[in-house]
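K.L.:
This is a predicted model, with the sequence first.
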There are 2 protein chains.
Amino acid sequence: MKKPLILVTNDDSIVAPGIRALIEVMKEIGEVVVVAPDSPQSAMGHAITINDTITLSKVNLDKEIDKEYSCSGTPVDCVKIAVHEILKKKPDLCVSGINHGSNSSINVIYSGTMSAAVEAGIEGIPAIGFSLLDYSWDADFEPFKKYVKNIAQKVLKKGLPDGVILNVNFPKLKEKDIKGIKICRQAKATWVEEFDKRTNPMGKEYYWLSGEFVNQDKGEDTDEWALHNGYISVVPVQFDLTAHHAISQLNNWNL
Amino acid sequence: MKKPLILVTNDDSIVAPGIRALIEVMKEIGEVVVVAPDSPQSAMGHAITINDTITLSKVNLDKEIDKEYSCSGTPVDCVKIAVHEILKKKPDLCVSGINHGSNSSINVIYSGTMSAAVEAGIEGIPAIGFSLLDYSWDADFEPFKKYVKNIAQKVLKKGLPDGVILNVNFPKLKEKDIKGIKICRQAKATWVEEFDKRTNPMGKEYYWLSGEFVNQDKGEDTDEWALHNGYISVVPVQFDLTAHHAISQLNNWNL
């Protein structure tokens, strides 16, 4: 049987331990192509590069992989250039991650990792984003490899509903403490921003964006609840942003 | 009666004719604060600046406005810094645009203009993104000013459903040819990418992203249909990306 063709990308850059762990798992189940950013692209959302050029460099970080490229663009650029320029066809699966840090709840909208998966979904490719709730470069991905493999194999076998991508987040736990997997909705949560104001050596003021994550959602069917209670969260994500429920209400405005 | 406080931003930069037209209209109905990018930020999606500093410069392009700032960050950064650092409170309304170019259908997800409005929505501020289907810097915004005013006043009066932002697109038409406003869903459409491969003077290959917009949606309730048939499209947009309809199906997978 022909091995499935699997595109691997991320937003933490091609050398991040998270993507190397993901590549290890994908090699067990398919033919792997890697196209990932040449530098960190966290929080790039669904940005694409239209006012600048994009460069690709063939690399060989993994001797077993023939097609491995670092790209100067965003995570979404990586998916576009992989599909339309490198492969010139759709892979059977696109996986993004494993992200160093959470992409649960509202983080999905800021995440380069998830936006890469969503872009694959827009192009009709079954896609999954994986993230671990540990920002450390030394994060331990080992306990989660079997779950990554299982979920990827399920998606390869069953496909995904039209227009749906999976957002998988792993709690920072030891293997024995993981209670299982929950299918969830995105929790209603926001970042409450604080800007750290500083002065540079030339006397000009500048800011660092920082903030606190606040979960306003008490529901037990959310990704935040699952992760805080020892479960791996899986949220089906869509790119049809229409608030269908609001259409009839707006029609009553007689604009 | 106290005038409503209105935050104006965009992605084409603070000097773009589109934002200047939007400011003109907003001055008629409220107290205006402007925080917009200091350079073009089209297609930045929901990117935020976490690995670099952000600078703000007070400018005075409009003598009637006290608080007008250009910002080195993305459109989403502009909204965050406006609310949390400049105003230190929520405005009554956030408007973004008027974008030079379409943000209909799938473009909503790449758009810096719409992502700024969505960020305001996430922060609980009624928000509207406006775009004109004309990429030209010389685009004529005049015929659309009365619609911008009407829609903004309606939102100020009635508010918006929780978690909903408006995506308003104007067809490139003369005033007499505009047939009215349609409340729509986002059309199912994609960009089919083509990468323009070139060689720089040092012999290194690079790419420009380009592509063709393809509408696969035959529905007459979509924004694409409305715009092609002489109507202004209004799509209610949400930032809960959960594909709620897919949850029960995934539960049957027994992951």
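P.N.:
All right, it came through fine. This structure is a prediction, so every number in the text was calculated from the model and none was measured.
K.L.:
and A:I29, how many neighbours?
P.N.:
16 (other CB atoms under 10 Å in any protein chain shown). To be clear about C-beta, it is placed using only N, CA and C from the backbone, and glycine gets the same treatment.
K.L.:
mind listing the helices for chain A?
P.N.:
Taking DSSP state H as the criterion, chain A carries its helices at A:17-29, A:75-81, A:107-110, A:112-122, A:145-158, A:223-228, A:247-251.
K.L.:
got the CA positions of the second one in CSV?
P.N.:
Right, helix A:75-81. C-alpha atoms of helix A:75-81 as CSV (Å, rounded to 0.1, in the frame of the first residue of the first chain):
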residue,chain,number,x,y,z
PRO,A,75,3.4,29.6,8.5
VAL,A,76,0.6,30.2,6.0
ASP,A,77,3.1,31.0,3.3
CYS,A,78,4.8,27.7,4.1
VAL,A,79,1.7,25.7,3.4
LYS,A,80,0.9,27.7,0.2
ILE,A,81,4.4,27.3,-1.3
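K.L.:
A:Q186 is in contact with A:N107, isn't it?
P.N.:
No. The pair A:Q186 / A:N107 is not scored as a contact, 9.2 Å apart, by CB atoms under 8 Å.
K.L.:
Those two: who's more crowded?
P.N.:
Each of A:Q186 and A:N107 has its neighbours counted (other CB under 10 Å); A:Q186 has more, 26 against 22.
K.L.:
check contacts around the residue lying closest to A:P37 once chain neighbours are set aside.
P.N.:
Excluding the flanking residues, the one nearest A:P37 by CB to CB, 6 or more residues apart in numbering or on different chains is A:S13, at 5.2 Å. A:S13 makes contact with A:19, A:36-41, A:70, according to CB atoms under 8 Å, 6 or more residues apart in numbering or on different chains.
K.L.:
picking up where we left off before, include distance to chain B and mean pLDDT when you put the helices of chain A into CSV, please.
P.N.:
What follows is the helices of chain A, written out as CSV (distance: least, CB to the nearest CB, whole Å; pLDDT from 0 to 100):
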stretch, distance to chain B, mean pLDDT
helix A:17-29, 16, 98
helix A:75-81, 5, 98
helix A:107-110, 5, 97
helix A:112-122, 6, 98
helix A:145-158, 6, 98
helix A:223-228, 9, 98
helix A:247-251, 5, 96
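K.L.:
Of all those, which one comes closest to B:C94?
P.N.:
Closest to B:C94 of the helices of chain A is helix A:107-110 (CB to CB; 16.3 Å).
K.L.:
Can you give me the neighbour number for the closest residue to A:N229 other than its chain neighbours?
P.N.:
Distances taken as CB to CB, 6+ apart place A:K179 nearest to A:N229, at 7.2 Å, with adjacent residues excluded. As a burial measure, A:K179 scores 12 neighbours (other CB under 10 Å).
K.L.:
wait, A:K179 sits on A:S233?
P.N.:
No. In this structure A:K179 lies outside contact range of A:S233 using CB under 8 Å: 11.4 Å.
K.L.:
Can you show me the strands along the stretch 101-250 of chain A?
P.N.:
A:127-132, A:164-170, A:180-183, A:189-199, A:205-215, A:231-238 (DSSP state E, counting those that start in this stretch).
K.L.:
follow-up on the earlier one: ok, the residue nearest to A:N229 - contacts?
P.N.:
A:229-231.
K.L.:
so which of the residues you listed comes closest to chain B?
P.N.:
Nearest to chain B among the contacts of A:K179: A:Y231, at 10.8 Å, using CB to the nearest CB.
K.L.:
Tell me how far that closest one lies from A:I181.
P.N.:
A:Y231 sits 6 Å away from A:I181, going by CB to CB, to the nearest Å.
K.L.:
Same check on A:P40?
P.N.:
Applying CB to CB to A:P40 and A:I181 gives a distance of 29 Å.
K.L.:
cool, and A:A116?
P.N.:
22 Å.
K.L.:
Same question for A:I98.
P.N.:
15 Å.
K.L.:
What are the contacting residues of stretch A:186-197?
P.N.:
Contacts of stretch A:186-197 (CB under 8 Å, 6+ apart): A:104-106, A:108, A:167, A:205-217, A:219, A:222-225, A:235, A:237, B:54, B:80-81, B:83-85, B:122-123, B:240-242.
K.L.:
avg pLDDT for it?
P.N.:
For stretch A:186-197, the mean pLDDT works out to 94.
K.L.:
gap between it and the chain center?
P.N.:
What separates the centre of stretch A:186-197 from the centre of its chain is 19 Å, taken as CA atoms, centre = their mean, to the nearest Å.
K.L.:
Now do the buried residues in that stretch.
P.N.:
A:186-191, A:193, A:195 (16 or more other CB atoms under 10 Å in any protein chain shown).
K.L.:
circling back: and A:I98 and A:I181? which has more neighbours close in?
P.N.:
A:I98 (29 against 20).
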